[in-house]
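J.: Based on what follows, work out the 3D shape:
(2 chains)
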Amino acid sequence: GENVEQHPSTLSVQEGDSAVIKCTYSDSASNYFPWYKQELGKRPQLIIDIRSNVGEKKDQRIAVTLNKTAKHFSLHITETQPEDSAVYFCAASTGTASKLTFGTGTRLQVTL
Amino acid sequence: NAGVTQTPKFRVLKTGQSMTLLCAQDMNHEYMYWYRQDPGMGLRLIHYSVGEGTTAKGEVPDGYNVSRLKKQNFLLGLESAAPSQTSVYFCASRTGHSQLFEAFFGQGTRLTVV
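T.: Numbers count the residues shown, from 1 in each chain, chains lettered A, B, ... in the order given. As a prediction, this is how the structure comes out:
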């Protein structure tokens, strides 16, 4: 089955700096790569996603890049703000049931 | 439009007790999933369903059973709870349309087995 590795497990940045979280996946048939943000005690919320026929996607301060050859994708957050502090999960979707396999999460702390 | 709703939100069980977690979605989604979330391990797929009357095993199915008798409901059962099943459980659903992949999550159920 699919295996998704995510790094780093924790990330601390100063407000205004950029943050980058990286994930690799194992199944070349995976075709959809979402990123979820989870605040303490809350449900995961989709923040951005990318399909396998696209190399990059941007939404305001958030961008995701995908390298299908190397089987890795990354989340980029620019001009970080304290409200960006949360746990971020990457995932890869495979098969007709589009089962999501998640990375182990990155705890992002944005300090003032 | 409530989205995905899980019942209950919290539960404490004694070892060996049984319980059922209910997931209900009002978006007419075909696919539904049950995940468990443990510290440092992300979300792991327990069971999933691609339509009414169908279920399949995920990554960590042992000790759990599921049923999807109605399209809008996906039930997760623990027949004999064990402390290792202490976790936060999330249900998710998504449409079966091939171009729409977003999965919507319920608010979670925090289960403690003592």
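J.: Let me see the ranges of the strands in chain B.
T.: B:4-7, B:10-13, B:19-25, B:31-37, B:43-51, B:54-57, B:64-67, B:73-78, B:87-94, B:104-105, B:109-113 (DSSP state E).
J.: repeat for chain A
T.: Using DSSP E, strands in chain A cover A:4-7, A:10-14, A:19-25, A:32-38, A:45-51, A:56-59, A:62-67, A:72-77, A:86-94, A:99-102, A:106-111.
J.: how about the second one against chain B, any contact?
T.: I take that to be strand A:10-14. No: under the criterion of C-beta under 8 Å from any C-beta of the partner chain, strand A:10-14 makes no contact with chain B; the nearest approach is 10.8 Å. In this view, the C-beta of every residue, glycine as well, is placed from N, C-alpha and C.
J.: Packing partners of that strand?
T.: strand A:19-25, strand A:106-111 (3 or more C-beta pairs under 8 Å, 6 or more residues apart in numbering or on different chains; DSSP states H and E).
J.: got the buried residues for it?
T.: Of the residues in strand A:10-14, A:11, A:13 count as buried by neighbour count, 16 or more other C-beta atoms under 10 Å in any protein chain shown.
J.: For it, give the mean pLDDT please.
T.: Mean per-residue pLDDT for strand A:10-14: 98.
J.: Ok, the fourth one next?
T.: Here the mean pLDDT over strand A:32-38 is 96, rounded to a whole number.
J.: With distance to residue B:14 added, can I get the strands of chain A in TSV?
T.: Formatted as TSV, the strands of chain A follow (distance: least, C-beta to C-beta, whole Å):
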stretch	distance to residue B:14
strand A:4-7	35
strand A:10-14	35
strand A:19-25	39
strand A:32-38	29
strand A:45-51	34
strand A:56-59	46
strand A:62-67	44
strand A:72-77	41
strand A:86-94	30
strand A:99-102	30
strand A:106-111	32
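J.: and the spatially most central residue of chain B, what does it touch?
T.: Residue closest to the average C-alpha location in chain B (C-alpha atoms, centre = their mean): residue B:34, at 2.8 Å. Applying C-beta atoms under 8 Å, 6 or more residues apart in numbering or on different chains, we find residue B:34 in contact with B:21, B:23, B:45-48, B:58, B:64, B:66, B:74, B:76, B:89-91.
J.: Distance-wise, check residue A:70 relative to chain B.
T.: 21 Å (C-beta to the nearest C-beta, to the nearest Å).
J.: any idea how far chain A is from residue B:44?
T.: 7 Å.
J.: On the pLDDT front, check that residue for me.
T.: Residue B:44 is given a pLDDT of 96.
J.: residues near residue B:36, how many?
T.: Neighbourhood size, residue B:36 [other C-beta atoms under 10 Å in any protein chain shown]: 23.
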